[in-house]
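Chemist: Sequence and predicted model, in that order:
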Amino acid sequence: MVTRVRRVGIITSGGDSPGFNPFVRAVVRMALYYGWEPWGIQRGYEGLIAGDIELMNSRSVSGAIGMGGTILGSSRSEVFMTAHGIRDALRNLNEADIDAVAIIGGDGTMRGARALYEAGVPVIGAPGTIENDVCGTDVSIGVDTALNTALDAMDRIRDTASSQEQAFIIEMMGEKSGYLALMAGIAGGAEMVCIPEEPFTLDDVTREVADAYIRGKKHCIITVAEGARPSAREIADHLRAHEGETGFDVRLSLLGHIQRGGSPSAFDRFLATRLGAAAVERLLAGESGVIVGTIENEVVTTPLSEVTECTRHIDEEYLSLAKVLAR
Ligand code: F6P
């Protein structure tokens, strides 16, 4: 339990998402409000291992509310989860006299946060990932912006797909989670959604495309999560080889990292701000070893031990909605 925090470290880690910066800003300014010193740890856990830690002030986060990426830098650190990674991190936190750490990132980052907490450091995590696969919150910071970016791309693609009467395979980010592909599929009116959580075959896809043609559709849009198997590329190759059966010309579009960048939406700015402020207040109240998240719009905390053991599932209701409304 934290008795008295004087110096709080801030880490942004793993794949960044739009909203990391408003989170950092909220932690910095809330910490200053309580008379603490905010210390920015650079490049995620890599910077913690290297001792790359800088004192921040209110001006360090000027303009950060609307910036994409992360002003602190980020990394995916494999060394951190080794005994010597943790040992160097503890030594550097000790040397900088940092009493507690606020960490934003996805599930891998939360496993690192748990390791740090179990090594004796008061830690508060916050869910920041475009995949929405962190438990302990209804939605992670960055999901809303990424979804809107994916949707905007999808709308543009539909314009050209309709004009040219094409089938488009659109790959969206999500190595383990089909959340973005599913939600963009519903909000963007896709004819089919292919995600890692729901088994499908190349023949299923061919049937859907042929069916869309027979029903008189001018296009056939399929959103495919990065982690879906068969992959977006395999689907496109297969459909190309069977164009005669489906009636549509086939195109493939990989949206890639554009979904991770960009200025955070209003929703993500609010969420990041609420959770950044809550992280400081929970530390002040003596809480640690938890993540802050929102459930039914209330800020709640969940132990890191629970969050890191839990798998977030896709909502079955959304899956069937996507299928029914695609007709
Ligand atoms: O942040 C999650 C994620 O976007 C995954 O969907 C994707 O597979 C991965 O990051 C790619 O990240 P990077 O290019 O940083 O390794």
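Modeler: Yep, that arrived.
Chemist: Report the buried residues of stretch 33-45.
Modeler: Residues of stretch 33-45 classed as buried under the neighbour-count rule (16 or more other Cβ atoms under 10 Å) are 36-45. The C-beta positions use only the backbone N, C-alpha and C, and glycine is treated the same way.
Chemist: Extract the C-alpha set from that stretch and format it as CSV.
Modeler: Only the C-alpha atoms of stretch 33-45 are listed here, as CSV (Å, rounded to 0.1, in the frame of the first residue of the first chain):
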residue,chain,number,x,y,z
TYR,A,33,-2.2,19.5,-8.4
TYR,A,34,-1.5,17.2,-5.4
GLY,A,35,2.1,18.5,-5.1
TRP,A,36,3.8,15.5,-6.5
GLU,A,37,6.6,15.4,-9.1
PRO,A,38,5.6,13.7,-12.4
TRP,A,39,8.5,11.8,-14.0
GLY,A,40,8.2,10.7,-17.6
ILE,A,41,9.8,7.3,-18.3
GLN,A,42,10.9,7.3,-22.0
ARG,A,43,10.2,4.5,-24.6
GLY,A,44,8.1,2.3,-22.3
TYR,A,45,9.7,-0.5,-20.3
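Chemist: hmm, that stretch in reach of the ligand?
Modeler: No: Stretch 33-45 lies out of reach of the ligand by Cβ under 6 Å from any ligand atom, never closer than 11.2 Å.
Chemist: coming back round to it: the buried residues of stretch 33-45 into a markdown table, with extra columns for pLDDT and secondary structure?
Modeler: Compiled in a markdown table, the buried residues of stretch 33-45 are given as follows (pLDDT from 0 to 100; DSSP: H, G, I helix; E, B strand; the rest coil):
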| residue | pLDDT | secondary structure |
| --- | --- | --- |
| Trp36 | 98 | coil |
| Glu37 | 98 | strand |
| Pro38 | 98 | strand |
| Trp39 | 98 | strand |
| Gly40 | 98 | strand |
| Ile41 | 98 | strand |
| Gln42 | 98 | coil |
| Arg43 | 98 | coil |
| Gly44 | 98 | helix |
| Tyr45 | 98 | helix |
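Chemist: ok, now which ones touch the residue nearest the centre of the chain?
Modeler: When the chain is reduced to its mean C-alpha position, the closest residue under Cα atoms, centre = their mean turns out to be Thr129, at 1.5 Å. Contacts for Thr129 (Cβ atoms under 8 Å, 6 or more residues apart in numbering) come out as 14-15, 17, 105-107, 140-143.
Chemist: Look up how far Ile221 lies from the closest residue to the ligand within the stretch 1-150 of the chain.
Modeler: Among the residues of the stretch 1-150 of the chain, Gly15 lies closest to the ligand, at 2.6 Å counting by Cβ to the nearest ligand atom. From Gly15 over to Ile221 the distance is 26 Å, taken as Cβ to Cβ, to the nearest Å.
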